[in-house]
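**Student:** Quick check, what structure comes out for this input:
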Amino acid sequence: MTHPPAAQHYSELQAGSLQTGHLLLLPDGERSAEIQSVLVENDDFGTAAVVLATLTGGGILRIAAGSTVLVALPGAATSGDNTGDSRSAADTGSGESDAATPVQAVEPPAARADSAGAEPAPAAPAVVVPPRPATTPAAAAAGPGEDELALIPEPSGTPESVVAAAAAVHPDALGVMLLSDRLAKGINTKSGSCLKDLSDLAHELFVTLKDAEGALAVADLLNVLPFDGNPGRWTSVEAALALSSYICRQTGKEDRAEVYEKLLRAPDAMETDPFKARINAKIRQRSLNEPNLYDKEIFRAIDNSNPDAEREWRLLRLEALMFLRAHGGSETIGLKELERRIANELESVRA
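**Tutor:** Below is the predicted model:
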């Protein structure tokens, strides 16, 4: 990191165009640092939202993808002894960086203030956080190993053929037919609605039709998907993993059930910051101790003599109970009580 001279020229560049080797002017307007690597995080709609620029010497700068930043022009002179941290984009030998840099030169804020004879604005601290590793030992230890993953059988054919085979066993089941018809058009694991349909189909097969084998075959299409940072899509995978764990526990496949439970809990260990990890653990434990079991909604449906609404709310309660069961219970609801409640809900929705 270095202090650029007032005469050094910079060019304006959109943050989404930053590349390795660019010499970036930091938010305080006085210091610059070379970019070691760039990672772009998308929002839930797939649009670039935040640029994470890892700086030479450590630290990550978070920049909105649409923001305009200043980078040193190729061949611009720099000062200071820390030549390793103050190289320009041209010094890295990257032709891509040169081609992406606009030719219009601008001066850094501090230089513009000095040339106008005015006092420069107070320097704001650089928003730099410690670098985040791609994987951590805790995250790796949380998930199952290759030998354990081998307990989950490979799908017999394409995902569409697996769905079709499970649906063919129940030609008269309207719920299965509607879901399988939608999925037959093509299964896209990046689509939240597609994942929801797969999860719903697995639950329909087991809860309504008592088809544990077909439910597991469909659920396994979801169970092998890793957590991609999107909570919306992960909700469907969570539900499939919890269902699969319960089915395996009921059919004596204890080892396979443990694999599903490890996969379900794996995202909990992905936070690398110790403080945030402790906070997340407390929030997670509170949600397990105080789960939403839809009591008010179910009682309201009973009072209104609306059996269809009651069944829908009980299905949501059943998913919540299976999720707790896959986590090994909580401090307020033990495993035996969970088993009893799950059995009661299954009996109610199957009636």
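**Student:** From now on I want contacts and neighbour counts done on CA atoms only, so please keep to that.
**Tutor:** Fine.
**Student:** which helices and strands does the helix or strand containing residue 199 pack with?
**Tutor:** For residue 199, the element it lies in under DSSP states H and E is helix 192-203. Where contact means 3 or more CA pairs under 8 Å, 6 or more residues apart in numbering; DSSP states H and E, helix 192-203 is packed against helix 174-184, helix 212-223, helix 231-250.
**Student:** got the contact list for residue 332?
**Tutor:** By CA atoms under 8 Å, 6 or more residues apart in numbering, residue 332 lies in contact with 289-290.
**Student:** Dihedrals phi and psi, it?
**Tutor:** Main-chain torsions, residue 332, degrees, to the nearest 10: phi -110, psi -20.
**Student:** Tell me the spacing between it and residue 289.
**Tutor:** 5 Å (CA to CA, to the nearest Å).
**Student:** Quick check: next helix or strand after the lengthiest strand in the chain?
**Tutor:** Longest strand in the chain by number of residues (criterion: DSSP state E): strand 32-42. Remark: after strand 32-42, the chain's next helix or strand is strand 48-55, criterion DSSP H and E.
**Student:** What residues sit buried inside that following strand?
**Tutor:** 49-55 (16 or more other CA atoms under 10 Å).
**Student:** Give me the residues contacting it.
**Tutor:** Residues from elsewhere that reach strand 48-55 (CA under 8 Å, 6+ apart): 15-16, 33-43, 60-66, 131.
**Student:** So what's the residue count around residue 228?
**Tutor:** Residues lying near residue 228 (other CA atoms under 10 Å) number 10.
**Student:** any idea which element it lies in?
**Tutor:** Here residue 228 is assigned to no helix or strand, by DSSP H and E.
**Student:** coming back round to it: output the longest strand of the chain as PDB, restricted to C-alpha atoms.
**Tutor:** Provided in PDB are the C-alpha atoms of strand 32-42 (Å, rounded to 0.1, in the frame of the first residue of the first chain):
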ATOM      1  CA  SER A  32      -3.700   3.000  -3.100                       C
ATOM      2  CA  ALA A  33      -3.200  -0.700  -3.200                       C
ATOM      3  CA  GLU A  34      -2.800  -3.300  -5.900                       C
ATOM      4  CA  ILE A  35      -5.600  -5.800  -6.500                       C
ATOM      5  CA  GLN A  36      -4.600  -9.400  -6.100                       C
ATOM      6  CA  SER A  37      -7.900 -11.100  -7.100                       C
ATOM      7  CA  VAL A  38     -11.500 -10.100  -7.800                       C
ATOM      8  CA  LEU A  39     -14.600 -12.000  -6.900                       C
ATOM      9  CA  VAL A  40     -18.100 -10.800  -7.900                       C
ATOM     10  CA  GLU A  41     -21.100 -11.800  -5.700                       C
ATOM     11  CA  ASN A  42     -24.500 -11.800  -7.400                       C
END
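**Student:** just to revisit the earlier point, pull out the buried residues from the helix holding residue 199.
**Tutor:** In helix 192-203, counting by 16+ other CA under 10 Å, buried: 192, 194-203.
**Student:** Could I get the phi/psi values of residue 13?
**Tutor:** With angles defined as degrees, to the nearest 10, residue 13 sits at phi -150, psi 140.
**Student:** how about the strands in this protein?
**Tutor:** 10-14, 23-25, 32-42, 48-55, 60-64, 68-72, 128-129.
**Student:** Pick the most buried one from those.
**Tutor:** Among these, strand 23-25 has the highest mean neighbour count (mean count of other CA atoms under 10 Å), at a mean of 26.
**Student:** Just want the most central residue of this protein.
**Tutor:** residue 229 (0.5 Å; CA atoms, centre = their mean).
**Student:** before we move on, the earlier item: which of the strands of the chain sits closest to residue 303?
**Tutor:** Judged by CA to CA, the one of the strands of the chain that comes nearest to residue 303 is strand 32-42, at 45.3 Å.
**Student:** That closest one versus strand 48-55: what angle between them?
**Tutor:** Strand 32-42 runs at 150 degrees relative to strand 48-55, counting by axes from the mean of the first three to the mean of the last three CA atoms, to 10 degrees.
**Student:** Would you mind pulling up the elements that strand 32-42 packs against?
**Tutor:** The contact analysis (3+ CA pairs under 8 Å, 6+ apart) places strand 32-42 against strand 23-25, strand 48-55.
**Student:** So for it, mean pLDDT?
**Tutor:** The average pLDDT within strand 32-42 is 80.
**Student:** Now do that strand against strand 60-64, angle only.
**Tutor:** Using the same axes, to 10 degrees: strand 32-42 against strand 60-64 is 60 degrees.
**Student:** where does this structure have low pLDDT?
**Tutor:** 1-8, 44, 46, 57-59, 74-142 (pLDDT under 70).
**Student:** quick one, domains of it?
**Tutor:** The record's domain parsing of the chain by automatic domain parsing lists 10-129, 137-350.
**Student:** Pull the contacting residues for the residue found closest to residue 175 once you drop the neighbours it is linked to in the chain.
**Tutor:** Excluding its sequence neighbours, the residue lying closest to residue 175 (CA to CA, 6 or more residues apart in numbering) is residue 204, at 7.2 Å. If a contact means CA under 8 Å, 6+ apart, then residue 204 has 175-176, 215 as its contacts.
**Student:** Among those residues, name the buried ones.
**Tutor:** Buried among the contacts of residue 204 by 16+ other CA under 10 Å: 176, 215.
**Student:** Closest to residue 305 out of the contacts of residue 204?
**Tutor:** residue 175 (22.8 Å).
**Student:** Can you check which of the strands of the chain gets nearest to residue 254?
**Tutor:** strand 32-42 (38.0 Å).
**Student:** can you give me how far that closest one is from the chain middle?
**Tutor:** With CA atoms, centre = their mean, to the nearest Å as the basis, strand 32-42 stands 20 Å off its chain's centre.
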